[in-house]
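# Quick one, what's the 3D model for this:
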Amino acid sequence: MSDVTRAKHGRPVHHWRRDVVELAALFTAVAVADAVANLIGHGPDGTALLIISAVVLVATAGFHTWWARRHGHAPPADDTGARPLAGGRRAGTSEESAAVPESLAGATTLWRMRTTVKDAPGSLAALCSALAQQRVDILSLQTHPLAEGTVDEFLLRAPAELAASEMTRAVSLAGGTETWTERADAHDLVDAPTRVLGLATRTALDAAELPLALRQLLGRCTIRSLPAKSPGSGRAEESAPVEGALEGTVMRLRAPEGGVITVERPYLPFTPTEFARARALVELDARLGPRIPRSQDVLTLPEGNAISLRRADVGDLEAAKAMHERCSPRTLSMRYHGPVGDADRYLNHLLSPRFGRTLAVQTASGRIVGLGHLLWDGDETEIALLVEDDWQRRGIGGELLGRLVTMAVEASCESVYAVTQSSNTGMVAAMRGLGLPLDYQIEEGTLVITARLDATPVTSRLPYDEGQRGERVVRD
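As a prediction, the model looks like this:
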């Protein structure tokens, strides 16, 4: 009888018809066995038939054993004969339950996708179904409402063999338009509220972080900060409305000091949601006012003099002008590439955290003897150094340069460049001392040295990020 019997009120149910059938089968088997025995025992070829039957029986048993070992008796994983579970899953062994398609168990790729859909019920469900058919997992979703339609921004995990064009085609067939995709990385796995709070914290601690925070908030874009007045001529530059302006792929925001912050992103228009986020970040920066980390590092020069490195801002303007007066005309001309009398005009712009970061080298008496600038220039980053004549050839320039490059790496800059004169051997030697791949361009005596940051730069501890004083020796 079968091991699985129906039950009623918790006890097995027996039927007399089943018992009669089993008894009839038993009598039939006995009758067949008796007939075969009489045929073999009394027939003329009984012995031959007995031997042939034995051979056939042995061969059949051997074949059955071989077939059972090769194919097994277990039912297929998708049909065990058991009732489906309540959740829709089928019963089976633990190994069968853990089995997944080979394409899903292999390598995957992270993608960021943005597409525009109609603001109608079911539009998002159609997109999700289309992505599911391509075995694409949706990790996060943000919606940007528009006047007509909605922009849906996805973070996706797709099979590595799935091309971006196939995902785009599937989304287009599901109703998505103006679809845009790009590769993502592990940093994009952080959810949007956490990322925004982190950017706000960085901006609150350091005013120089505002352009970097905007770039991380808005993705791949170009950010330019224009002062209210030209540093050279002093003429007023263009301004932006107090509430800002959004024009497709260009966003213009009023800078806290009165200038303009221009954000451009090719081929992908900004949404009102992104504009509101960027404006809120700029307003936070304006309310907090000028600020930079105030920690510093104490360094010892080869001859035993102690100096300190710290962040500088517009509060150090007078001290920087005093350093200009102590510098020779040749040193100033190599740094500013113009009339020496105009050097002081650029200091207010260079020291502003809005346009980059500045490191100052200060003696024990409080006098500034060196300045290093890391300037945001759209998609590029410029490095500039100025060391007072009496303090040159002591390793100060190399120390400043190494720290500026480290800050550029932390800001995810792909390269940095320095503009100097071909006769400035000190700057050339400092750039070569970084140990990075360098590109040289010379035009009419002006030398542009570009360092690619895809290699590991010279590491230098950043004291203003750790909030404590340190001391070490600067080698010449």
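# use CA for all of it now, contacts and neighbours both
Noted.
# where does the stretch 1-150 of the chain have low pLDDT?
Residue ranges of the stretch 1-150 of the chain with pLDDT under 70: 1-16, 36, 39-47, 49-50, 66-105.
# what about 50?
Within the stretch 1-150 of the chain, the set of residues satisfying pLDDT under 50 comprises 1-13, 72-100, 103-104.
# where along it do the helices fall?
Using DSSP state H, counting those that start in this stretch, the helices of the stretch 1-150 of the chain run over 16-42, 46-71, 94-98, 102-105, 123-133.
# Over to the stretch 151-300 of the chain?
Under DSSP H, counting those that start in this stretch, the stretch 151-300 of the chain gives helices at 164-173, 192-205, 210-218, 272-288.
# most tightly surrounded among the ones you listed?
helix 210-218 (a mean of 20; mean count of other C-alpha atoms under 10 Å).
# name the helices or strands packed onto that one?
When contacts are defined as 3 or more C-alpha pairs under 8 Å, 6 or more residues apart in numbering; DSSP states H and E, helix 210-218 packs onto helix 192-205, strand 222-226, helix 272-288.
# Average pLDDT for whatever helix or strand Arg311 lives in, rounded please.
Arg311 is part of strand 306-312, with elements assigned from DSSP states H and E. Mean pLDDT, strand 306-312: 92.
# if we look at it, which residues are touching it?
292-301, 351, 357-364, 464 (C-alpha atoms under 8 Å, 6 or more residues apart in numbering).
# buried subset of those?
292-293, 295-299, 301, 351, 357-363, 464 (16 or more other C-alpha atoms under 10 Å).
# surely Thr271 meets Gln142?
No: at 11.9 Å, Thr271 does not count as touching Gln142 under the criterion of C-alpha atoms under 8 Å.
# Compare the helices and strands packed on helix 210-218 and give me the one nearest His324.
strand 222-226 (24.6 Å; C-alpha to C-alpha).
# Which strand residues bridge the spatially closest residue to His144 that is not a sequence neighbour?
Closest residue to His144 apart from its sequence neighbours, by C-alpha to C-alpha, 6 or more residues apart in numbering: Val151 at 4.9 Å. Val151 has these beta-bridge partners by DSSP bridges: Thr116, His144.
# Spit out the contact partners of Val151.
Val151 neighbours (C-alpha under 8 Å, 6+ apart): 114-117, 143-145.
# cutoff 6 Å now
For Val151, the contact set (C-alpha atoms under 6 Å, 6 or more residues apart in numbering) comprises 115-116, 143-144.
# what about the residue nearest to Pro353 when sequence neighbours are not counted, how many residues close to it?
Distances taken as C-alpha to C-alpha, 6+ apart put Ala208 closest to Pro353, at 4.4 Å, once the chain neighbours are dropped. By the measure other C-alpha atoms under 10 Å, the count of residues near Ala208 is 25.
# what's the pLDDT at the residue nearest to His144?
Note on Val151: pLDDT of 92.
# separation between it and Trp180?
Separation of Val151 from Trp180 (C-alpha to C-alpha, to the nearest Å): 11 Å.
# For Ala343, which of the helices and strands packed on helix 210-218 is the nearest?
When these are compared by C-alpha to C-alpha, strand 222-226 sits nearest Ala343, at 18.9 Å.
# so what does the closest one touch, helix or strand wise?
strand 260-264 (3 or more C-alpha pairs under 6 Å, 6 or more residues apart in numbering; DSSP states H and E).
# Walk me through which strands the strand it packs on pairs with, and which way each runs.
When DSSP bridges is applied, strand 260-264 pairs with strand 222-226 (antiparallel), strand 250-254 (antiparallel).
# out of the ones you listed, which comes closest to Val30?
Among those, the nearest to Val30 by C-alpha to C-alpha is strand 222-226 (94.2 Å).
# what does that closest one contact?
The contact list for strand 222-226, computed with C-alpha under 6 Å, 6+ apart, reads 259-264, 378-379.
# Equivalent analysis for stretch 402-419, please.
With contact meaning C-alpha under 6 Å, 6+ apart, stretch 402-419 is reached by 381-383, 447-453, 460.
# would you list those in TSV and tack on distance to Leu155, pLDDT and neighbour count?
Shown next, in TSV, are these (distance: C-alpha to C-alpha, whole Å; pLDDT from 0 to 100; neighbours: other C-alpha atoms under 10 Å):
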residue	distance to Leu155	pLDDT	neighbour count
Thr381	29	89	19
Glu382	33	92	19
Ile383	35	93	23
Leu447	43	90	18
Val448	39	92	18
Ile449	38	92	22
Thr450	34	92	21
Ala451	33	91	23
Arg452	29	89	17
Leu453	27	86	19
Ser460	35	42	15
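# Quick check: the farthest pair among the residues you listed?
Leu447 and Ser460 (26.1 Å).
# wait, which of the contacts of strand 222-226 is closest to Val21?
Taking C-alpha to C-alpha as the measure, Glu264 is the one of those closest to Val21, at 86.5 Å.
# Before I go, just wanted to say thanks for your time.
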